[in-house]
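In: Need coordinates for the below:
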Amino acid sequence: MYLNTDRIQAAMLAAIEAEYATPAEKAARARTATRRAVMDRAWSIARMAARVFGGTARAYIAGAMSQAWAENRGECDGFSADATLLRIQARNTKAPTQRTNGYRGRQYYAAAAGW
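Out: Numbers count the residues shown, from 1 in each chain. This is a model prediction of the structure:
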């Protein structure tokens, strides 16, 4: 069986580096991991918003970044935000049907029904 020794050596060196890192280096790695996780979450929110409202994910990334950082700080719940987007998407896919013939098309019914 073929082993990629370069990859194994690199992984071992990275583990040793992480073990003997200074507190400042550990904090910097933690900040990088947090930023990466927030950015991944922001892009997933932007993609979901693009599916719900149309357009591209790039159009929604600014608001998605705000929401992702708020979720990271614990100011809002990510699950309920996703559920809200999915509810909006489900509501938008069900096109309401409105009959225009018969009594429903008449002016008095439309006024009473709020159309």
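In: which non-adjacent residue is nearest the spatially most central residue of the chain?
Out: Nearest to the mean C-alpha position of the chain, counting by Cα atoms, centre = their mean, stands I45 at 1.6 Å. Spatial nearest neighbour of I45, excluding adjacent residues (Cβ to Cβ, 6 or more residues apart in numbering): A64 at 3.9 Å. To be clear about C-beta, it is placed using only N, CA and C from the backbone, and glycine gets the same treatment.
In: show me the contacts for the one you found.
Out: Neighbour list for A64: A42, W43, I45, A46, A49 [criterion: Cβ atoms under 8 Å, 6 or more residues apart in numbering].
In: And it, how far from R29?
Out: 25 Å (Cβ to Cβ, to the nearest Å).
In: and if you look at D6?
Out: 23 Å.
In: neighbour-wise, which of the two wins?
Out: In this view D6 and R29 are compared by other Cβ atoms under 10 Å, and R29 has more residues nearby, 13 against 8.
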